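1. predicted model, plus sequence, below.
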Amino acid sequence: MSQRTKIKALLQSQQTDIDVTVKGWVRAFRSNRFIALNDGSTNNNIQIVVDFENTDPALLKRITVGAALSVQGKLIASLGKGQTVEVVATDIEILGDSDPDKYPIQPKKHSLEFLRENAHLRFRTSTFGSIFRLRNSLAYAVHQFFQERDFVYLHTPVITASDAEGAGEAFHVTNFDLDNIPKTDTGEVDYKQDFFGKSTNLTVSGQLEGELGAMALSDVYTFGPTFRAENSNTTRHLAEFWMIEPEVAFNDLNDNMDLAEDMLKYVIKYALDKCPEDIEFLTQRLQEEEKQKPQNERSDMSLVEKLQFCLDNDFERLTYTEAIEILKESTPNKKKKFVYPVEGWGTDLQSEHERYLVEKHFKKPVILTDYPKDIKAFYMRQNEPDAQGRETVRAMDILFPGIGEIVGGSEREERLDRLEKRMDEMGIPKDELWWYLDTRRFGSCTHAGFGLGFERLVLFVTGMGNIRDVIPFPRFPKNAEF
RNA sequence: UCCUGAGUAGCUCAGCCGGUUAGAGCAUCUGACUGUUAAUCAGAGGGUCGCUGGUUCGAGCCCAGCCUCAGGAGCCA
């Protein structure tokens, strides 16, 4: 049997009247004559023309939606409209039948909720084909960006004993028989008898270990799964997600912002260059979806335009303190339209405030810096108090339209005395993090890094609305199917 | 976890004020047609009305509890 040609290549073929073998899954079978065949190499189908009058009727009956086919035939310039080339079949082999009575994916619009429940088959829809090809390209672009800059891809542990970062609830990892958990004399769980001899959990961040690598390799990044046991039921959170965490020695906060902005623009540009058809398809999809919304809620830019806009404009950079002033003076705040009115300095911004800044005030991605020290993590570098004695840290959050926080990072506190003092204040156990503090004891230096939620990036680039639709098999409360 | 809404055929949904045999479109099956593009036309099959309990002569509809889903909020990436 001759080697199969991918459908993407066939559709781009400059040659016609050549013999080809094509394999894929039936998307539609019309008029007993036209098969729309797809193999996932592109969103577009190749049309197979069947000589139904000279084909066994029993075979024709088995050409159903979802069936896997191998087709031999001749690639010709299409005789019909709607496609440039088509394959006139000379031989069709059914590789795998698909019972039309039971196959859940029909050649029609399905709700995203329904497809989520059929996540094992949703790859076979145009929307999810596009999403996962884009996800792949974005992941590749992330590596390419860092590799071009001589970063070291560092594999930080998935199982860890440190729950110290305070990045959220962690999933416990244990080998105990849960019906018979060893206890100490005082009635507490005796982790000494567990596999690792101590309490362990799935990582909530590779940052602390990333810092260890950066303090020798200079420029490192991680890109791996991360776990949060928060009971979050939103369109922006997953219990298992992929995070990208660069950590760079000798970088300060400004270098850190430059790196994050460059990286985001790089990967978005890569996706635009590499997957124009998929982005075009998802642009159409979003347009259809927006038609359902009332006029005032519709976006004034299409998906492609939004992505291009993101490349063409510098992200707006301002401090938390400046943002608070803008929000205080904003129309919705004065007209008491915010659920949480902006009054004082020192509280965290609510989603509605971030959205106002990004979507209404600046109308582009925003980087907020220098947050109040009390609402941020212990490892962030402390600024000197300002004239009013307000204490801030060298933190930065990148806010994207429709997504909210996509990146969170900071310059790290490299001064041992300041770091230890802060850990004491926040009740972080120094003895457990002795190894982290060692980096400040031996050759400490300025360094900075950030965390990028990969799925949030995919959400932005695909224009999808729910994070559960941009990861193949989403993990979230009450759901671990597939 | 909180707030709001939803759960009726394989899918998307309608179902009046509580009243006889629960409907439509698409999908599926049968037949017709055959250069179709979500093909078209005719016919047929298909239901534990989320689950449990309650009110009532009578519940898809009212009440309570639970489960699941969606949107928003919090936590964050």
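-> Yep, that arrived.
2. wait, what's in contact with residue A:304?
-> Applying CB atoms under 8 Å, 6 or more residues apart in numbering to residue A:304 gives the contacts A:272, A:279-280, A:283. To be clear about C-beta, it is placed using only N, CA and C from the backbone, and glycine gets the same treatment.
3. of those residues - the most surrounded one?
-> Counting neighbours by other CB atoms under 10 Å, residue A:279 leads the contacts of residue A:304 with 21 neighbours.
4. now that residue: closest residue in space that isn't a chain neighbour?
-> Leaving aside its sequence neighbours, residue A:279 sits nearest to residue A:304 (CB to CB, 6 or more residues apart in numbering; 5.9 Å).
5. following the host helix or strand of that neighbour, which helix or strand comes up?
-> If you go by DSSP states H and E, residue A:304 is part of helix A:303-312. Going down the chain from helix A:303-312, the next helix or strand is strand A:316-319, by DSSP H and E.
6. how about the residues of the stretch 1-150 of chain A by RNA strand B?
-> Counting by CB under 7 Å from any atom of the strand, the residues of the stretch 1-150 of chain A lying close to RNA strand B are A:28, A:30-34, A:47, A:49, A:52, A:61, A:64-65, A:78-83, A:86, A:88, A:100-101, A:104, A:106-111, A:113-114, A:116.
7. now, those residues that are in strands?
-> A:28, A:30, A:34, A:47, A:49, A:86, A:88 (DSSP state E).
8. tell me which residues are up against the host helix or strand of residue A:264.
-> Per DSSP H and E: residue A:264 is located in helix A:253-274. Here helix A:253-274 makes contact (CB under 8 Å, 6+ apart) with A:134, A:137-138, A:140-142, A:144-146, A:246, A:248, A:251, A:279, A:304, A:307-308, A:310-311, A:314-315, A:317, A:365, A:367, A:369, A:381, A:394, A:396, A:398, A:406-407, A:409-411, A:448-450, A:452, A:457, A:461.
9. now stretch A:200-210
-> Residues from elsewhere that reach stretch A:200-210 (CB under 8 Å, 6+ apart): A:154, A:156-165, A:167-168, A:170-174, A:194, A:220-222, A:224, A:226-228, A:243, A:245-247, A:379, A:433, A:436, A:449, A:451.
10. again, only using 7 Å
-> A:154, A:156-163, A:165, A:167-168, A:170-173, A:220, A:222, A:224, A:226-228, A:245, A:247, A:436, A:449, A:451 (CB atoms under 7 Å, 6 or more residues apart in numbering).
11. cool, stretch A:440-457 as well?
-> A:138, A:205, A:207, A:210-211, A:214-215, A:236, A:238, A:241-253, A:255-256, A:260, A:267, A:403, A:406-412, A:414, A:416, A:419, A:467, A:470-471.
12. filter the residues you listed down to the buried ones.
-> A:138, A:205, A:207, A:210-211, A:214-215, A:236, A:238, A:241-249, A:251, A:253, A:256, A:260, A:267, A:403, A:406-412, A:414, A:419, A:467, A:470-471 (16 or more other CB atoms under 10 Å).
13. in helices, which of these appear?
-> In helices, judged by DSSP state H, the following of these are found: A:138, A:207, A:210-211, A:214-215, A:253, A:256, A:260, A:267, A:419.
14. of the ones in strands among the residues of the stretch 1-150 of chain A next to RNA strand B, keep whichever come out buried.
-> Buried members of those, scored by 16+ other CB under 10 Å, are A:34, A:47, A:49, A:86.
15. spit out the contact partners of the closest residue to the third one other than its chain neighbours.
-> Pointing back at residue A:49 there. Distances taken as CB to CB, 6+ apart place residue A:88 nearest to residue A:49, at 4.9 Å, with adjacent residues excluded. Residues near residue A:88 by CB under 7 Å, 6+ apart: A:49, A:73-74, A:76.
16. and the stretch 351-482 of chain A, which residues reach RNA strand B?
-> Taking CB under 7 Å from any atom of the strand as the measure of proximity, the stretch 351-482 of chain A contacts RNA strand B at A:351-352, A:355, A:404-408, A:451-453, A:455-456, A:465-468, A:477-479.
17. tell me how far residue A:276 lies from RNA strand B.
-> For residue A:276, the distance to RNA strand B equals 20 Å [CB to the nearest atom of the strand, to the nearest Å].
18. meant to ask about residue A:25
-> Taken as CB to the nearest atom of the strand, the span from residue A:25 to RNA strand B is 14 Å.
19. wasn't that residue part of a helix?
-> No - counting by DSSP: H, G, I helix; E, B strand; the rest coil, residue A:25 is not part of a helix but strand.
20. which SSE is residue A:324 in?
-> Element membership for residue A:324, per DSSP H and E: helix A:320-329.
21. list the buried residues for the helix or strand that that helix is followed by?
-> Sequence-wise, the next helix or strand downstream of helix A:320-329 (DSSP H and E) is helix A:331-334. In terms of neighbour count (16+ other CB under 10 Å), helix A:331-334 has its buried residues at residue A:333.
22. same question for the next helix or strand after helix A:331-334, mean pLDDT?
-> As assigned by DSSP H and E, the chain's next helix or strand after helix A:331-334 is helix A:351-355. Helix A:351-355 comes out with an average pLDDT of 95.
23. distance from the chain centre to helix A:351-355, please.
-> 21 Å (CA atoms, centre = their mean, to the nearest Å).
24. over to stretch A:192-202?
-> From the chain centre to the centre of stretch A:192-202 is a distance of 31 Å (CA atoms, centre = their mean).
25. buried sites along it?
-> Buried residues in stretch A:192-202 (16+ other CB under 10 Å): A:194, A:200-202.
26. let me see the mean pLDDT of the helix holding residue A:304.
-> 95.
27. what about the strands in the stretch 151-300 of chain A?
-> Using DSSP state E, counting those that start in this stretch, the strands found in the stretch 151-300 of chain A span residues A:152-153, A:159-160, A:172-173, A:200-202, A:219-227, A:240-249.
28. which residues sit against the second one?
-> With CB under 7 Å, 6+ apart as the contact definition, strand A:159-160 has outside contacts at A:173, A:200-203.
29. dump the residues you listed to a markdown table, plus pLDDT and distance to residue A:425.
-> Written out in a markdown table, the entries for these read as follows (pLDDT from 0 to 100; distance: CB to CB, whole Å):
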| residue | pLDDT | distance to residue A:425 |
| --- | --- | --- |
| A:173 | 94 | 29 |
| A:200 | 93 | 27 |
| A:201 | 93 | 24 |
| A:202 | 94 | 28 |
| A:203 | 94 | 25 |
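30. neighbouring contacts of stretch A:325-343?
-> Residues contacting stretch A:325-343 (CB under 7 Å, 6+ apart): A:324, A:350, A:352-353, A:356-357, A:361.
31. can you redo the residues you listed as a markdown table with neighbour count?
-> A markdown table is the format used below for those (neighbours: other CB atoms under 10 Å):
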| residue | neighbour count |
| --- | --- |
| A:324 | 19 |
| A:350 | 15 |
| A:352 | 14 |
| A:353 | 24 |
| A:356 | 23 |
| A:357 | 20 |
| A:361 | 16 |
